[in-house]
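S.K.: Got a predicted structure here, sequence first:
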Amino acid sequence: MAYDIPDEIKYREKIIFNLDWKQLGYAVVFGLLSFFSYNLIPLQGEFRFVVPAIIGIAGIGFIFLNLEDKLLGRISFFLNVRKADYNSLQGHKFFGVREVKENLIWLDDGSKIGMFKVQPINFGLLDNARKKTLLANYKAFLNQLTSPIQILVKTVPVDLDDYFEEIKNSRTRRDLVSLYANFKQFEVELMAKNEVKHRNYYVVARYHNGLKMEAISNQLLLTKENLEACGLTCARLEDADLVDFLMSYGGDDLSGGKPETKDEFRDMLTPSVTFYPDHGIVNGEYHRIVKVTGYPRKVEDGWLGAFLCKNEDYDISIHLQPSSIAYTLVYLHNQIIQQTGDLYASTAKGTPNPALEIKRADTMRVYDSLYKGEEKMFSVSAYIDNKAATLQELDLLTEKCNSNLNAQLMVPGLTSWRTADAIKSTLPLANDRLNATREILSGALTATFPFIAAGNPTNRGILFAHEIQTLNPIFIDLDNQTNKHFFIIGVSGSGKSYAAKYFAVQQLFKEQTDLYILDPNGEYSGLCKALHGEVIEISKDSDSILNLFDLGGEDFGGKMLQLVSAFDIIMGGLNESQKALLSDAIINLYAKRGITPTKEETWNRTPPRFSDLKDVLEAMRKEFHQLSPQAKSLDALYRRVKMYCEGNVFGFLDQDTRVNANNGIICFDLSKLPDAINRVAR
């Protein structure tokens, strides 16, 4: 579904000469300064015009070139911290964290911060119904927000140590030791060579000083419940987790132990920082912040995923500030009046303003949606923290970041001269110091669902593959799935057999598993032998054979369904009459051997064979008139079953099961069976 992101709503009414109040004020001030400098400064000749010209040029800059923001940025750069050594007072001031206790981050200004770690999902694999449900719940989560939050996406190298340690501890087959070692070496080298990154997702909520702890706990609990209602798995960070997370932003090495006192914590957290006009250095790592200044006109559900799933080393910080509906309606009403007045004035002059017409239409549509209660408005700001080891690498990464943003029709902008404020805006403090906001309605913000990953974000289950673009590992956790059936489809030559072999070996790595392979084409025998398993050849001349009617420990009802499906292939298709007659015949067949559906203790008795089924069908034929439809159906069944009885074409199948199943890995090689039998086996 497509959503509109409206044009920037903020509008300055034009007063005279197409200038707004602010521009007009600058024009008056700089005009008077030019006038007085011309008349009061004692200069003669051409030099008399120099000072007024300089003042006039400066005025033009303030009026039309937004020189005010540039000047304030430079002033802010020189007034802020520009360099701070480790464990210095200026470093303390930069971070502003006092202590961590009661599962909260306590700041110097008295504010408190709670954090959740959220497990992302692979949005592209969801069907339309699940996407619709997820986004509806996420919209409800956004609408219940009453205080600002920060969605933080932190990029870290992929770490598979826990996964390999789990395999090492659970592995029971000694013959897989060398194979496991080769696999681990390959994966580690692949991750290192391609610098594969993984993104962790966090929700940061900040509460002002004076709010009671009980109210904070209730709001955090409500936030967690609403996130889980979206189908997202989230966990609140406790004290130890918060300390580890904060230290990852430039704290001291924790190898000597975690801080035990508040002062020790502040000392360890204080980084060394150096800020330049266009980048900063934090503990030797180069940072450059890119802010998003423009968004695409229309967005689809999950559109941000293409940017989030890039394998680049940058963190993403999204600040969401819910707007008061009452204040917003009044503000929008005044904006509509100003825009309408300017639109009428320009039209009356014969100079229509299409851009203003679009802005007015957007503002009226937003006002209508808010007034009807269909939407909620948010002030949204997004910042990307590019990180690199050298300035050259930082320049390249910044270009990649800008390119990735432009590919999604987002407009990137640098935060020149405000590096300290920019980096603070990306810290997990829910503090937007740059305030580069854009008003977005909850519908479009819902489509900007941020918790998206290219693969499985957890290292649980089987490492099955790597995502093609980012090379992020993809895990399949069968233990957490209700239906553990697994199938692989693809065109010829796409690697289905290779994937199945890889999956089988990975399963053997994880746990002691019995592996049984039905191999119609004889392509798994080599793998089975390499794993010291047993290859059982099923053919006309082999010593091993499988009796189709052998229950083999299965449920009687399940075996009935399997036999009907098998005979559907043998007969080239069964009609409903034949299926009913065959079901009756199978029940009678097992009954002759004393095997009944309701008595499980009889299921281990010697099973019947094809020749027994032939006798049952022959007896049933005598019960019907020769020309009846039932007799014709039974004749067809009888003739086909007779082909599988001793002395006929496929009579070698009319035997009891002879298979040595003591080995835990068995491959049944069916490649030498006739095609008609092979189809049944498959």
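M.R.: Arrived safely.

S.K.: what about the closest residue in space to L429 that isn't next to it in sequence, how many residues close to it?
M.R.: In this structure, L429 finds its nearest non-sequential neighbour in I113, 6.5 Å apart by C-beta to C-beta, 6 or more residues apart in numbering. C-beta coordinates here come from the backbone N, C-alpha and C atoms, glycine included. Neighbourhood size, I113 [other C-beta atoms under 10 Å]: 22.

S.K.: and what of A84?
M.R.: Residues near A84, counting by other C-beta under 10 Å, number 22.

S.K.: does it really touch S272, like I thought?
M.R.: Yes - counting by C-beta atoms under 8 Å, S272 is a contact partner of A84 at 6.5 Å.

S.K.: tell me, what's touching these two both at once?
M.R.: Common contacts of A84 and S272 (C-beta atoms under 8 Å, 6 or more residues apart in numbering): G91.

S.K.: host element of the residue nearest to L429?
M.R.: Using DSSP states H and E, I113 falls within strand 112-119.

S.K.: Kindly report the same for K424.
M.R.: Per DSSP H and E: helix 419-426 holds K424.

S.K.: same for that helix, what does it pack against?
M.R.: Applying 3 or more C-beta pairs under 8 Å, 6 or more residues apart in numbering; DSSP states H and E, one finds that helix 419-426 contacts helix 67-79, strand 273-275, strand 280-282, strand 285-294, strand 314-322, strand 377-388.

S.K.: any idea how far it is from the chain center?
M.R.: Distance, stretch centre to chain centre, for helix 419-426: 26 Å (C-alpha atoms, centre = their mean, to the nearest Å).

S.K.: Make residue 1 into 50 and carry on from there
M.R.: OK, 50 is where the count begins now, so the last one is helix 468-475.

S.K.: what's next to that helix, contact-wise?
M.R.: By C-beta under 8 Å, 6+ apart, the surrounding residues in contact with helix 468-475 are 125-126, 129-131, 143, 201, 322, 324-329, 331, 336, 338, 340, 364, 366, 368, 430, 432, 434, 464, 480-483.

S.K.: And for G510, nearest residue in space, chain neighbours not counted?
M.R.: Of all residues not flanking G510 in the chain, D526 sits nearest, at 3.1 Å (C-beta to C-beta, 6+ apart).

S.K.: And for P326?
M.R.: Nearest non-adjacent residue to P326, counting by C-beta to C-beta, 6+ apart: W466, 5.0 Å away.

S.K.: Show me what the mean pLDDT comes to for stretch 620-637.
M.R.: For stretch 620-637, mean pLDDT is 85.

S.K.: Over to stretch 348-365?
M.R.: The pLDDT scores in stretch 348-365 average 90.

S.K.: Flag every buried residue along that stretch.
M.R.: Within stretch 348-365, the residues that count as buried by 16 or more other C-beta atoms under 10 Å are 348, 350-354, 356-365.

S.K.: from these, which two are the most distant?
M.R.: Pairwise distances across these peak at 27.5 Å for D350 and D362 (criterion: C-beta to C-beta).

S.K.: tell me which residues in the host helix or strand of I200 are buried?
M.R.: Using DSSP H and E, I200 sits in strand 198-206. Within strand 198-206, the residues that qualify as buried are 198-204, counting by 16+ other C-beta under 10 Å.

S.K.: now, which of these sits nearest Y187?
M.R.: Of the buried residues of strand 198-206, the one sitting nearest to Y187 (C-beta to C-beta) turns out to be I200, at 11.4 Å.

S.K.: If that closest one is in a bridge, with which residues?
M.R.: Note on I200: beta-bridge partners V252, I367, judged by DSSP bridges.

S.K.: just to revisit the earlier point, so what angle separates the directions of the strand holding I200 and helix 468-475?
M.R.: On the basis of axes from the mean of the first three to the mean of the last three C-alpha atoms, to 10 degrees, strand 198-206 is oriented at 100 degrees to helix 468-475.

S.K.: distance between strand 198-206 and the chain's centre?
M.R.: Relative to its chain's centre, strand 198-206 lies at 13 Å (C-alpha atoms, centre = their mean).

S.K.: and what of stretch 106-113?
M.R.: A distance of 47 Å separates the centroid of the chain from that of stretch 106-113, by C-alpha atoms, centre = their mean.

S.K.: Send over that stretch as PDB, restricted to the C-alpha atoms.
M.R.: Taking Å, rounded to 0.1, in the frame of the first residue of the first chain, the C-alpha atoms of stretch 106-113 are listed here in PDB:
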ATOM      1  CA  ILE A 106      26.100  41.700   1.000                       C
ATOM      2  CA  ALA A 107      25.900  40.300   4.600                       C
ATOM      3  CA  GLY A 108      22.200  41.300   4.700                       C
ATOM      4  CA  ILE A 109      21.600  39.400   1.400                       C
ATOM      5  CA  GLY A 110      23.200  36.400   2.900                       C
ATOM      6  CA  PHE A 111      21.000  36.500   6.000                       C
ATOM      7  CA  ILE A 112      17.900  37.200   3.900                       C
ATOM      8  CA  PHE A 113      18.300  34.600   1.100                       C
END
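
S.K.: hang on, the earlier thing: angle of the strand holding I200 against strand 363-371?
M.R.: Angle, strand 198-206 to strand 363-371, by the same axes, to 10 degrees: 170 degrees.

S.K.: what residues does the helix or strand immediately after strand 198-206 in the chain touch?
M.R.: Going down the chain from strand 198-206, the next helix or strand is helix 210-219, by DSSP H and E. Identification of contacts with helix 210-219 by C-beta under 8 Å, 6+ apart yields 229, 233, 236, 508, 512, 558-560.

S.K.: And the buried ones among those, selectable in PyMOL?
M.R.: Command for PyMOL that selects the buried part of the contacts of helix 210-219, burial taken from 16+ other C-beta under 10 Å:
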select buried, resi 229+233+236+508+512+558+559
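
S.K.: So which of the contacts of helix 210-219 are in strands?
M.R.: Judged by DSSP state E, these include L512 as members of strands.

S.K.: Show me which pair in the contacts of helix 210-219 is furthest apart.
M.R.: E236 and E560 (18.9 Å).

S.K.: N529 contacts T282, correct?
M.R.: No - the pair N529 / T282 is not scored as a contact, 10.7 Å apart, by C-beta under 8 Å.

S.K.: count of neighbours near the closest residue to L286 other than its chain neighbours?
M.R.: Closest residue in space to L286, ignoring its immediate chain neighbours: M164 at 4.4 Å, by C-beta to C-beta, 6+ apart. When neighbours are defined as other C-beta under 10 Å, M164 has 24 of them.

S.K.: who does M164 bridge with?
M.R.: V253.

S.K.: Wait, it touches D293, no?
M.R.: No - M164 is beyond contact range of D293, at 11.5 Å (criterion: C-beta under 8 Å).

S.K.: List the buried residues in the helix or strand hosting K449.
M.R.: For K449, the host element (DSSP H and E) is helix 440-456. For helix 440-456, a neighbour-count test (16+ other C-beta under 10 Å) marks 443, 446-447, 450-451, 453-454 as buried.

S.K.: From the contact counts, what lies against it?
M.R.: Contacts defined by 3+ C-beta pairs under 8 Å, 6+ apart place helix 440-456 against strand 334-343, helix 354-357, strand 426-437, strand 460-463.
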